[in-house]
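[1] Structure for this input, please:
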Amino acid sequence: MKIKGKIANIPVGDDSRVVVVGVVNVSPESFYKGSIVKSEKDLEKKAIKMVEEGVDIIDVGAMSTAPGVPQISPLEERERMVFAIRVLREIVDVPISADTFRAKVAEAALKEGAKIINDVSGLKADKKMAQTIFEYNASTIVMAAERKPGDVGSISKIRSALRKSLQIATDVGIPEESIVVDPGIGFGKSVSEDLYILRNLSRLRFLCRPILVGVSRKSFIGKVLNLEDPSERLIGSLAATAIAVYNGAHLIRTHDVKETLQVVKIAEAIRRKVLSLSRRKIRVTLLYNSSYFNDLQDLFVKIGIDKQACETLNQKSIYLATLIENVSTPAALIIKQEMLACGGDAAIPREMIDFHIKEGNIIIFGTYAQYKKLLKKLEKMPFDLNIVAKLLKQILEVCEENGYETYTDKN
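    Numbering: from 1, shown residues only. Prediction:
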């Protein structure tokens, strides 16, 4: 389960570098005055600087969506948006994104050359938005929202809101690969909610879509650092950005391109790569591992566990979940049966259990010790189960420190 997609033909996902989205506002009411441009000359200057600094996408905001800021009319938002995009399309060659939840504004932006619609309502504020995006073959960023932008603060509610947005998009025909999700940091959330989302960002991976995060100069940073003025929040923004990238963000939305790009590169270099291995058509991906071999060794010794017991306990202390793709139905059923016999389990589609499909994907989970027992059984079995065993063996090597270092060095 490697995450991949394209936004305005820019590859995004696990095998691509983090994409930097620069913010330009033609809305005087926006919370950070440093992002606001007041004239065509200022807009040109700011956009050219962003491109020189390495921005991948420019996101244009024509109406503030910050809590407590009155909404402007659709006509005024449209006029601001059209003005900005007409200027930008003549001077930059990076894709332009329109930050709006109104379909008529989105349509005007797309007609002028925008390639992306960034909808903070998750396609829910305007019933015509998804259809408009589809008709113009545009990419979209959907934010987690139920009734208003960013009004969900727990991972479970964020996932639920985003699933509904993804369904709205795919129902009208928007290709899944052109959709990016945004958990919606800020937008009136409490500080603890924003920090919780950043801490648990990797749990959004199971939506299987690239993740965009925007933390730039937001209020939670000011509250943590006791900095009321957004112009003083750069360092805090960069710290939060590093955490977001380390925890799996594929796109970062920022007011400060140069500084953010440097932070992004360091965080990318440090974070773990997604381990996904394939042979022939079978692919095995490590979804989750609780720890690495011998992590608890010193603690075992400290509380008085003898050496012989430590070896057994080390293997039981590591819990893994792996996705196995493109295995035959007989192979999947054997894996399920044998993993159950080892004390673990496997999730198999009903269609495979009923033999309605010839092959599919399964998820297996258990301890390191249970996986080791499973491998011994699979190595000599038919239906390409020996291939599954070899790939799983490589996955288990990652649970040993040397195995993980070898993998990252090679990639």
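
[2] Tell me the buried residues in the helix or strand harbouring Ser278?
    When secondary structure is defined using DSSP states H and E, the element that contains Ser278 is strand 276-279. Neighbour-count burial for strand 276-279, with 16 or more other CB atoms under 10 Å as criterion, is recorded at Ser276, Leu277. All C-beta atoms are positioned from the backbone trio N, CA, C, and that covers glycine.

[3] Could I get the full set of helices for the stretch 1-150 of the chain?
    Residue ranges of the helices in the stretch 1-150 of the chain, as given by DSSP state H, counting those that start in this stretch, are 40-53, 74-91, 103-112, 129-135.

[4] Kindly reformat those as TSV and extend each row with distance to Glu228, mean neighbour count and mean pLDDT.
    Converted to TSV, the helices of the stretch 1-150 of the chain look like this (distance: least, CB to CB, whole Å; neighbours: other CB atoms under 10 Å; pLDDT from 0 to 100):
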stretch	distance to Glu228	mean neighbour count	mean pLDDT
helix 40-53	24	16	96
helix 74-91	27	18	96
helix 103-112	31	22	98
helix 129-135	35	22	98
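
[5] So which of those helices is nearest Thr329?
    The closest of these to Thr329 is helix 129-135. By CB to CB, the value is 35.0 Å.

[6] how about the strands in the stretch 201-350 of the chain?
    With DSSP state E, counting those that start in this stretch applied, the stretch 201-350 of the chain shows strands at 212-214, 251-254, 276-279, 282-289, 319-328, 345-347, listed in chain order.

[7] what lines up beside the fifth one in the sheet?
    If I follow you right, that is strand 319-328. Using DSSP bridges, the strands paired with strand 319-328 in its sheet are strand 282-289 (antiparallel), strand 359-367 (antiparallel).

[8] What lies in contact with it?
    Around strand 319-328, the neighbours that count as contacts under CB atoms under 8 Å, 6 or more residues apart in numbering are 1, 281-290, 332, 335, 358-368, 371, 383-384, 388, 392, 395-396, 399.

[9] could you redo the strands paired with strand 319-328 as TSV and give each row distance to Thr132, mean neighbour count and mean pLDDT?
    Converted to TSV, the strands paired with strand 319-328 look like this (distance: least, CB to CB, whole Å; neighbours: other CB under 10 Å; pLDDT from 0 to 100):
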stretch	distance to Thr132	mean neighbour count	mean pLDDT
strand 282-289	35	19	94
strand 359-367	34	19	96
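
[10] could I get those as TSV with distance to Ala321?
    Written out in TSV, the entries for the strands paired with strand 319-328 read as follows (distance: least, CB to CB, whole Å):
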stretch	distance to Ala321
strand 282-289	4
strand 359-367	4
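
[11] and of these, who's closest to Ser35?
    Using CB to CB as the measure, strand 282-289 is the one of the strands paired with strand 319-328 that comes nearest Ser35, at 37.6 Å.

[12] Just the CA atoms of the closest one, as CSV, please.
    In CSV, the C-alpha atoms belonging to strand 282-289 read as follows (Å, rounded to 0.1, in the frame of the first residue of the first chain):
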residue,chain,number,x,y,z
ILE,A,282,3.0,-10.3,-5.5
ARG,A,283,3.7,-7.3,-3.3
VAL,A,284,4.1,-7.2,0.5
THR,A,285,4.0,-3.9,2.3
LEU,A,286,4.8,-3.3,6.0
LEU,A,287,1.8,-1.4,7.3
TYR,A,288,2.8,-1.2,11.0
ASN,A,289,5.4,-2.5,13.4
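
[13] Isn't Val284 up against Lys393?
    No: contact criterion CB atoms under 8 Å: Val284 and Lys393 do not qualify, at 9.8 Å.

[14] Who are the contact partners of Thr132?
    Ala103, Ala106, Glu107, Leu110, Ile117.

[15] how close does the fourth one sit to Tyr136?
    It refers to Leu110. With the distance defined as CB to CB, to the nearest Å, Leu110 ends up 4 Å from Tyr136.

[16] residues near Gly173, how many?
    For Gly173, the tally of surrounding residues (other CB atoms under 10 Å) stands at 12.

[17] Any regions of this structure where pLDDT drops low?
    Counting by pLDDT under 70, the chain contains low-confidence residues at 401-411.

[18] Could you list the domains of it?
    According to the domain assignment given by automatic domain parsing, the chain is divided into the following structural domains: 4-270, 276-410.

[19] Deepest-packed of those, please.
    Each of these was scored by mean neighbour count; the highest is domain 4-270, a mean of 20, by mean count of other CB atoms under 10 Å.

[20] What's the end-to-end length of that domain?
    For domain 4-270, the first-to-last residue distance is 20 Å (CA to CA, to the nearest Å).

[21] now stretch 51-67
    Stretch 51-67 end-to-end distance (CA to CA) = 30 Å.

[22] show me what contacts Ala346?
    Ala332, Ile335, Lys336, Met339, Leu340, Ile362, Ile363, Ile364, Phe365.

[23] circling back to that earlier point, of all the strands of the stretch 201-350 of the chain, which one comes closest to Ile91?
    Shortest separation from Ile91 across the strands of the stretch 201-350 of the chain is recorded for strand 251-254, at 20.1 Å, computed as CB to CB.

[24] what's that closest one packed up against?
    Using 3 or more CB pairs under 8 Å, 6 or more residues apart in numbering; DSSP states H and E as the contact definition, the elements that strand 251-254 packs against are strand 19-25, strand 212-214, helix 234-246, helix 257-270.

[25] Specify the angle between the first one and helix 40-53 in degrees.
    Here strand 19-25 points in a direction 170 degrees away from that of helix 40-53 (axes from the mean of the first three to the mean of the last three CA atoms, to 10 degrees).

[26] now strand 19-25 and helix 74-91, what's the angle there?
    Using the same axes, to 10 degrees, the interaxial angle of strand 19-25 with respect to helix 74-91 works out to 130 degrees.

[27] What of the last one?
    Between the direction of helix 257-270 and that of helix 74-91, the angle (the same axes, to 10 degrees) works out to 80 degrees.
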